[in-house]
Every structure is written in structure tokens, then in C-alpha cells.
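In: Predicted model follows, preceded by the sequence.
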Amino acid sequence: MPTDDEIIDAANKFFRSIGGAVKKGATTAVKAGQAVVGVGRGEVRVALDELRVRAGGDVRGKVTVALTEPIDGRRLVVELRASQRGVETRGGVRTPTATTLYKFEHELAGATRFHQGAFGFALPVPRALGGGRAAPPAGRLGDVARAVSAVVAPTTGPIEWRVIARLVVPMARDLEHAVDVMIDGVA
């Protein structure tokens with residue numbers, strides 16, 4: 001018949017083995033969760049040569065991929081986007097809005113295994129943003145149209161330009177980084 005000390009030692013061994021299995025399972029689950037949401041996988045960074053660019057020129061820079069372990073990515077893209085925030089009033093309710101005025105996307109790499117690397121880019125800046133409203137006519141009719149427009153039209157903020165780098169990863173959260181850039185002279 002086993003002694004009390006032998007029973008306690010056997011119970012300790014049993015619970016240690018269960019604890020080890022639970023800890024290993026929990027570690028695996030945490031790693032799987034991090035892979036899905038992109039935590040702890042590394043980063044994608046965009047760096048610009050210049051933070052101020054003229055209309056008609058190019059935004060130049062590089063995208064750096066620094067991952068903790070290699071992953072299969074669908075593609076690596078860099079994008080120049082112009083957007084404008086505003087406030088629209090309908091029925092006395094003010095609602096924030098955001099409008100994309102310009103979007104140019106350039107693929108730096110297609111489907112491949114990403115780990116470490118730097119990718120240079122040049123994105124064209126337009127001379128003008130299309131889609132603007134036509135100016136009201138001259139004269140009294142134009143004056144009335146401008147007065148009504150000032151009361152009814154949404155209030156808009158300045159145009160915001162961003163360069164966004166994105167590593168598209170299947171079945172997981174994409175890795176992304178954005179940098180603001182100043183664009184001068186766009187009509």
C-alpha cells in the first residue's frame with residue numbers, strides 16, 4: 001500500500017502533466033489568435049523622401065517589411081489617397097462625412113513569401129482633382145444660388161493626403177501603415 005507521501009507525489013506529477021498540456025494548448029491558441037489579428041507578426045512601415053510635394057510631381061519613398069517570421073502574403077501595395085471630411089445637415093441632424101477625392105494604388109509585390117525587405121515607389125500626384133461642382137452663373141441668379149449653397153451645402157474641411165502601405169495577408173488582418181503628406185498646388 002502506498003504511503004501518504006507517495007500518493008501526494010503521484011498527484012503532483014499528474015497535475016503537473018495536466019498543467020503542462022493546458023499551458024501548451026493555451027500558448028498555441030494565443031499564437032493562433034495573434035496571427036489572425038496581426039499582433040506580434042512584425043510591421044510594415046512607409047517612409048517618404050519628402051513630406052511636401054507639388055501637384056504634377058511624384059511622391060517618392062520606400063515601404064519596409066519587417067516581420068518576426070515569414071508569412072505568405074497576397075500582395076504589397078502602396079496608395080496615395082486624398083480625402084475630405086465634412087459635416088452634412090439633414091433635418092436638423094448634423095452627420096460627419098468623409099469623401100475620397102483621389103485614390104491611386106500601386107502594387108509593389110504580388111503573391112509571395114514576405115519576411116524582411118524594402119520596396120521603393122513613386123506615386124503620381126494629379127494636377128487637379130476632378131468632380132468639383134460647377135460654379136454658379138453670374139448675376140442675380142448666381143448670387144441667390146451662392147447664398148442658398150452657403151446655408152444648405154455641407155461644411156467641408158481641408159483636403160487630407162495620405163500615403164498608405166498595406167501587406168494583404170489571406171485569412172488574417174492586413175498589416176498597414178499610413179503617413180500624411182502635404183500636396184501643394186492641386187486645383
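Out: That came through, no problem. Just so it is clear, the model here is predicted, and its values are computed rather than measured.
In: Tell me the buried residues in stretch 50-61?
Out: Within stretch 50-61, the residues that qualify as buried by neighbour count (16 or more other CB atoms under 10 Å) are V53, G57, V59, G61. Placement of C-beta: from N, CA and C, glycine included.
In: again, but for stretch 93-103
Out: L101, Y102.
In: Any regions of the chain where pLDDT drops low?
Out: Within the chain, the stretches with pLDDT under 70 are 22, 25-39, 130-139, 142-143, 145-154, 187.
In: Please report how far E105 lies from P124.
Out: According to CB to CB, to the nearest Å, E105 and P124 sit 12 Å apart.
In: same thing with I164?
Out: According to CB to CB, I164 and P124 sit 16 Å apart.
In: So for these two, which sits in the more crowded spot?
Out: I164 (18 against 12; other CB atoms under 10 Å).
In: Return the residues in contact with the more buried one.
Out: Under the criterion of CB atoms under 8 Å, 6 or more residues apart in numbering, the neighbours of I164 are V46, V78, E79, R81, E176, H177, A178.
In: Dump those into CSV; add neighbour count and distance to L141 as well.
Out: Below are those laid out as CSV (neighbours: other CB atoms under 10 Å; distance: CB to CB, whole Å):
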residue, neighbour count, distance to L141
V46, 22, 48
V78, 25, 46
E79, 18, 41
R81, 18, 37
E176, 16, 48
H177, 17, 49
A178, 13, 44
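In: Taking those, tell me the two that lie furthest apart.
Out: The distance between the two most remote of the contacts of I164 (CB to CB) is 13.5 Å, for R81 and H177.
In: about what we covered before: so which of the buried residues of stretch 50-61 are in strands?
Out: V53, V59, G61 (DSSP state E).
In: Now flag whichever of those is closest to A10.
Out: Closest to A10, out of all of these and judged by CB to CB, is G61, at 64.0 Å.
In: Look up phi and psi at the residue lying closest to that closest one once chain neighbours are set aside.
Out: Ranked by CB to CB, 6 or more residues apart in numbering and with sequence neighbours excluded, the top spatial neighbour of G61 is L48, at 4.0 Å. Torsion angles at L48 (phi, psi; degrees, to the nearest 10) stand at phi -100, psi 150.
In: what does stretch 4-18 contact?
Out: Here stretch 4-18 has contacts from P2, using CB under 8 Å, 6+ apart.
In: Just list what the host helix or strand of R94 packs against, helices and strands only.
Out: Assigned by DSSP states H and E, R94 falls within strand 93-109. When contacts are defined as 3 or more CB pairs under 8 Å, 6 or more residues apart in numbering; DSSP states H and E, strand 93-109 packs onto strand 75-90, strand 112-124.
In: could I get the ones you listed as a markdown table with distance to I159?
Out: Listed next are these as a markdown table, based on distance: least, CB to CB, whole Å:
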| stretch | distance to I159 |
| --- | --- |
| strand 75-90 | 5 |
| strand 112-124 | 16 |
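In: Right, I'll leave it there.
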